[in-house]
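Chemist: show me the folded form of this:
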Amino acid sequence: MKAHPIFGDSLIAGLLAVFDLLIFIAQTVEHPAGTPVPKPWFIAVPAILGAVAPLAFRRRRPVLVAYLVLILGMPHSWLELGVASLAALCISLYTLVTYVGRKQALVFVLATVASAAVQLPLQSGSVTELAAAVVTGALAMALCWVLGEFVGARRAYQVEVEARLHLLETERDQQARIAVAEERARIARELHDVVAHAVSVIVVQADGAAYAVHTQPELAERAVKTISATGREALAELRRLLGVLRSGEDGEERTPQPGTQSLSELAERVRSVGLPVRLDIVGAIDDLPAGVGLGIYRIVQEALTNSLKHAGPGASAIVRVERTGDRVELDVLDNGSRKRALVGMSGGNGLIGMRERAHVFGGTLKAGPHPAGGWRVRAVLPFGGA
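Modeler: Down below sits the predicted model:
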């Protein structure tokens, strides 16, 4: 019925027509022989069919069908051929309330009342018959109005549910795309941090080994070992990051991400390449959320990598990580040459990545020349409690 509404509505119209035709045939058969039939078949049959035929298209053109039923049903009602005209009026009213709206339905009711006000007094033989006809018609139309309101509310609710489901599907797709974009951005930051730090260490050590290979072979050998260890560590991290991009390997064991517990190893590695680093940790930071710990580690790593690149010979750095309540204050200060301070904040990928890591947790990050000399990176990362 829902897939083929015209077929279903045609079936309803056909049943009403058959019911009235059977009534007409019964009246004709029971009519006394030898007397003229009061309703000839060539008048009655078209009147019956005309009263119900528009119902086949009631859902496609509800307003037009309703008024066609009202007009074409007048002869049927006047000839008293059955219930088809009243039933068709009620079905049309129900259709208007359900599919069009109360305003059009009310106009149709007023038109029906006006038609009945003219027709019923002329057709009814007594006041009792007139009252019965008025009450019957009013109750039937009232029942169809209430039924139309109920079905219309159900249809509106169903449409709203379908719209919400469609919206939820759209939001889900958008969230999936956002999650993919965020994951790619995170991996890009991770790759930048790993590669930038490893390459900086390797370059510094390679330069030192080149100078010391003839005069200080032991120092050159140590530098080469540092290059080898740094390269292996960078490869391990790169494998971990690239493994995230592979599908079907969820069960594969991967290297844990670095966090605050790895800060000592980071400081020791930077010391081994020629930049003295003092690490001060105040408060308990080992139980921080993994994301916060990784952010702290990457900010310190990027800041020390910049110090290796730009601070110049003889420089040193101080790293201070302090937990105060539900936030962590991070301070990285080096005493390098003022040359780099004159360059100012370049806004490169490293600085942008540090800022993004801080902003992810609703924190702040400032980087710039220190009044006493050197370069300072200061970040505050709230985390909503341990």
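
Chemist: list the buried ones in stretch 318-329?
Modeler: Neighbour counts over stretch 318-329 (16 or more other Cβ atoms under 10 Å) mark 318-319, 321, 323, 327-329 as buried. C-beta coordinates here come from the backbone N, C-alpha and C atoms, glycine included.

Chemist: how distant is that stretch from the center of its chain?
Modeler: Centroid separation for stretch 318-329 versus its chain: 37 Å, with Cα atoms, centre = their mean, to the nearest Å.

Chemist: what's the end-to-end length of it?
Modeler: Using Cα to Cα, to the nearest Å, one end of stretch 318-329 lies 14 Å from the other.

Chemist: contacts for it, please.
Modeler: Residues outside stretch 318-329 that contact it (Cβ atoms under 8 Å, 6 or more residues apart in numbering) are 260, 263, 267, 277-285, 288, 292, 296, 300, 303-304, 330-334, 363, 378-386.

Chemist: and if you look at stretch 75-92?
Modeler: 12-13, 16-17, 19-20, 23-24, 39, 43-44, 47-48, 50-52, 54-55, 58, 62, 65-66, 69-70, 73-74, 108, 112, 119, 123, 136-137, 140-141, 143-144.

Chemist: from those residues, keep the buried residues only.
Modeler: Among those, those buried by neighbour count (16+ other Cβ under 10 Å) are 12-13, 16-17, 19-20, 23-24, 39, 44, 47-48, 50-52, 54-55, 58, 62, 65-66, 69-70, 73-74, 108, 112, 137, 140-141, 144.

Chemist: mind checking which of the residues you listed land in helices?
Modeler: Mapping these onto helices (DSSP state H) picks out 12-13, 16-17, 19-20, 23-24, 44, 47-48, 50-52, 62, 65-66, 69-70, 73-74, 108, 112, 137, 140-141, 144.

Chemist: if we can go back for a sec, from the buried residues of stretch 318-329, which two are the most distant?
Modeler: Farthest-apart pair in the buried residues of stretch 318-329 is Ile318 and Arg327; separation 20.1 Å (Cβ to Cβ).

Chemist: distance between the helix or strand that Ile91 is a member of and the chain's centre?
Modeler: In this assignment (DSSP states H and E), Ile91 forms part of helix 84-95. In terms of Cα atoms, centre = their mean, the centre of helix 84-95 is set 43 Å apart from its chain centre.

Chemist: count the neighbours of Ala117 for me.
Modeler: As a burial measure, Ala117 scores 10 neighbours (other Cβ atoms under 10 Å).

Chemist: for it, identify the helix or strand it belongs to.
Modeler: Here Ala117 is assigned to helix 102-123, by DSSP H and E.

Chemist: may I see the buried residues of that helix?
Modeler: Neighbour-count burial for helix 102-123 [16+ other Cβ under 10 Å]: 105, 108-109, 112, 115-116, 120.
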